[in-house]
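Peer 1: From the sequence below, what's the structure:
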Amino acid sequence: MLLTEYLEAFSKVIDEYSKTDLVFSSQVHVDIRAEHIGLIKGSITFIDESRLFLTEYLDVSYGIERLTYSYHYQDKEGRLVFRYDNAAHKPVLGFIHHKHSGDGVVESQIPDLNGVLLEAIHHLMGPIGWAGGE
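Peer 2: Below is the predicted model of the structure:
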(Lines give C-alpha, C1' and ligand atoms only; values in the text may rest on other atoms or scores of the structure.)
Protein backbone atom coordinates (compact mmCIF):
# COMPACT_ATOMS: atom_id res chain seq x y z
CA MET A 1 0.00 0.00 0.00
CA LEU A 2 1.21 3.46 -0.78
CA LEU A 3 1.21 6.14 1.87
CA THR A 4 -1.04 8.30 -0.30
CA GLU A 5 -3.63 5.47 -0.39
CA TYR A 6 -3.58 5.17 3.40
CA LEU A 7 -3.92 8.93 3.82
CA GLU A 8 -6.83 9.01 1.37
CA ALA A 9 -8.67 6.28 3.32
CA PHE A 10 -7.88 8.04 6.63
CA SER A 11 -9.26 11.34 5.33
CA LYS A 12 -12.36 9.61 3.96
CA VAL A 13 -13.24 8.28 7.44
CA ILE A 14 -12.99 11.79 8.91
CA ASP A 15 -14.96 13.28 6.02
CA GLU A 16 -17.79 10.78 6.53
CA TYR A 17 -18.11 11.66 10.23
CA SER A 18 -17.83 15.36 9.43
CA LYS A 19 -21.03 15.07 7.38
CA THR A 20 -22.95 14.30 10.56
CA ASP A 21 -24.28 16.93 12.91
CA LEU A 22 -22.02 15.50 15.65
CA VAL A 23 -18.72 16.88 14.34
CA PHE A 24 -18.19 20.61 14.65
CA SER A 25 -14.75 20.81 13.03
CA SER A 26 -11.69 18.77 12.12
CA GLN A 27 -8.09 19.50 11.27
CA VAL A 28 -5.53 17.03 9.94
CA HIS A 29 -1.89 17.75 9.12
CA VAL A 30 0.26 15.29 7.22
CA ASP A 31 4.04 15.23 7.14
CA ILE A 32 5.32 12.81 4.49
CA ARG A 33 8.82 11.80 5.56
CA ALA A 34 9.52 9.26 2.79
CA GLU A 35 7.55 7.36 0.17
CA HIS A 36 6.19 4.93 2.76
CA ILE A 37 6.65 6.84 6.04
CA GLY A 38 4.51 9.66 7.33
CA LEU A 39 3.17 11.48 10.36
CA ILE A 40 -0.50 12.35 10.76
CA LYS A 41 -1.59 14.77 13.48
CA GLY A 42 -5.02 16.19 13.92
CA SER A 43 -8.01 16.96 16.05
CA ILE A 44 -11.75 16.58 15.78
CA THR A 45 -14.09 18.79 17.80
CA PHE A 46 -17.58 17.47 18.47
CA ILE A 47 -20.76 19.48 19.03
CA ASP A 48 -20.47 19.19 22.83
CA GLU A 49 -16.93 20.70 22.59
CA SER A 50 -15.29 17.39 23.43
CA ARG A 51 -12.19 16.72 21.34
CA LEU A 52 -10.31 13.83 19.84
CA PHE A 53 -6.59 14.43 19.31
CA LEU A 54 -4.89 11.92 17.06
CA THR A 55 -1.34 11.12 16.05
CA GLU A 56 -0.04 8.31 13.88
CA TYR A 57 3.56 7.83 12.83
CA LEU A 58 3.41 5.06 10.28
CA ASP A 59 5.36 2.97 7.86
CA VAL A 60 3.42 1.34 5.04
CA SER A 61 6.40 -0.36 3.37
CA TYR A 62 5.25 -3.89 4.25
CA GLY A 63 1.65 -3.35 5.31
CA ILE A 64 0.32 -0.78 7.73
CA GLU A 65 2.60 -0.43 10.74
CA ARG A 66 1.77 2.28 13.25
CA LEU A 67 5.19 2.89 14.77
CA THR A 68 3.63 5.20 17.35
CA TYR A 69 0.05 6.29 17.77
CA SER A 70 -2.21 8.11 20.16
CA TYR A 71 -5.96 8.72 20.07
CA HIS A 72 -6.78 11.00 22.99
CA TYR A 73 -10.45 11.83 23.62
CA GLN A 74 -11.33 14.43 26.26
CA ASP A 75 -14.44 16.26 27.40
CA LYS A 76 -14.91 20.01 26.96
CA GLU A 77 -13.15 20.71 30.28
CA GLY A 78 -10.07 18.83 29.06
CA ARG A 79 -10.64 15.76 31.27
CA LEU A 80 -9.55 12.44 29.81
CA VAL A 81 -12.38 10.19 28.65
CA PHE A 82 -10.08 7.63 27.01
CA ARG A 83 -6.76 7.38 25.21
CA TYR A 84 -5.30 4.60 23.12
CA ASP A 85 -1.55 4.62 22.61
CA ASN A 86 1.60 2.52 22.47
CA ALA A 87 3.88 4.82 24.46
CA ALA A 88 6.34 3.19 26.85
CA HIS A 89 5.50 3.52 30.54
CA LYS A 90 7.50 3.52 33.74
CA PRO A 91 7.00 1.24 35.45
CA VAL A 92 6.67 -1.07 32.45
CA LEU A 93 3.09 -2.17 31.82
CA GLY A 94 3.88 -5.63 30.46
CA PHE A 95 2.12 -4.87 27.16
CA ILE A 96 2.62 -2.31 24.42
CA HIS A 97 -0.84 -1.43 23.12
CA HIS A 98 -3.07 -0.03 25.83
CA LYS A 99 -6.05 2.13 26.70
CA HIS A 100 -6.25 4.76 29.44
CA SER A 101 -9.62 5.57 30.98
CA GLY A 102 -11.11 6.45 34.34
CA ASP A 103 -10.68 2.78 35.22
CA GLY A 104 -6.89 2.91 34.75
CA VAL A 105 -4.72 1.39 32.03
CA VAL A 106 -5.63 -1.88 30.32
CA GLU A 107 -4.19 -3.85 27.44
CA SER A 108 -5.92 -3.24 24.11
CA GLN A 109 -5.70 -4.00 20.44
CA ILE A 110 -4.35 -1.40 18.01
CA PRO A 111 -7.46 0.67 17.27
CA ASP A 112 -8.44 2.05 13.90
CA LEU A 113 -9.75 5.56 13.41
CA ASN A 114 -13.29 4.43 12.64
CA GLY A 115 -13.51 2.42 15.88
CA VAL A 116 -12.14 5.31 17.93
CA LEU A 117 -14.63 7.73 16.39
CA LEU A 118 -17.49 5.31 17.09
CA GLU A 119 -16.39 5.06 20.73
CA ALA A 120 -16.17 8.85 21.03
CA ILE A 121 -19.63 9.27 19.51
CA HIS A 122 -21.00 6.56 21.80
CA HIS A 123 -19.70 8.58 24.75
CA LEU A 124 -21.05 11.80 23.24
CA MET A 125 -24.53 10.35 22.69
CA GLY A 126 -24.67 8.54 26.03
CA PRO A 127 -26.86 5.52 26.60
CA ILE A 128 -29.95 7.35 25.34
CA GLY A 129 -30.06 7.90 21.61
CA TRP A 130 -27.24 5.50 20.76
CA ALA A 131 -28.35 3.30 17.89
CA GLY A 132 -25.00 1.62 17.29
CA GLY A 133 -23.27 -1.16 19.11
CA GLU A 134 -19.84 -1.96 20.36
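
Peer 1: CA atoms for contacts and neighbours, from now on please.
Peer 2: Noted.

Peer 1: Just give the number of residues close to Ile121.
Peer 2: 17 (other CA atoms under 10 Å).

Peer 1: Now do the contacts for it.
Peer 2: If a contact means CA atoms under 8 Å, 6 or more residues apart in numbering, then Ile121 has Leu22 as its contacts.

Peer 1: Number of residues surrounding the residue lying closest to Ser101 once chain neighbours are set aside?
Peer 2: Take Ser101 and drop its neighbours on the chain: the residue closest to it by CA to CA, 6 or more residues apart in numbering is Phe82, 4.5 Å away. Neighbourhood size, Phe82 [other CA under 10 Å]: 22.

Peer 1: Does Phe82 lie in a helix or a strand, and which?
Peer 2: strand 80-85 (DSSP states H and E).

Peer 1: Specify the next element, helix or strand, located C-terminal of that strand.
Peer 2: strand 98-101.

Peer 1: Other residues contacting that following strand?
Peer 2: With CA under 8 Å, 6+ apart as the criterion, strand 98-101 contacts Leu80, Val81, Phe82, Arg83, Tyr84, Asp85, Asn86, Val105, Val106, Glu107, Ser108, Gln109.

Peer 1: didn't the last one look like it was pressed against Asn86?
Peer 2: No. Taking contacts as CA atoms under 8 Å, Gln109 lies outside contact range of Asn86: 10.0 Å.

Peer 1: Neighbour count: those two, which is higher?
Peer 2: Asn86 (19 against 12).

Peer 1: Compute the distance between the more buried one and Leu93, please.
Peer 2: 11 Å (CA to CA, to the nearest Å).

Peer 1: Provide the count of other residues in contact range of the closest residue to Ile14 other than its chain neighbours.
Peer 2: Among residues not flanking Ile14 along the chain, Ser26 sits closest, at 7.8 Å (CA to CA, 6+ apart). As a burial measure, Ser26 scores 17 neighbours (other CA under 10 Å).
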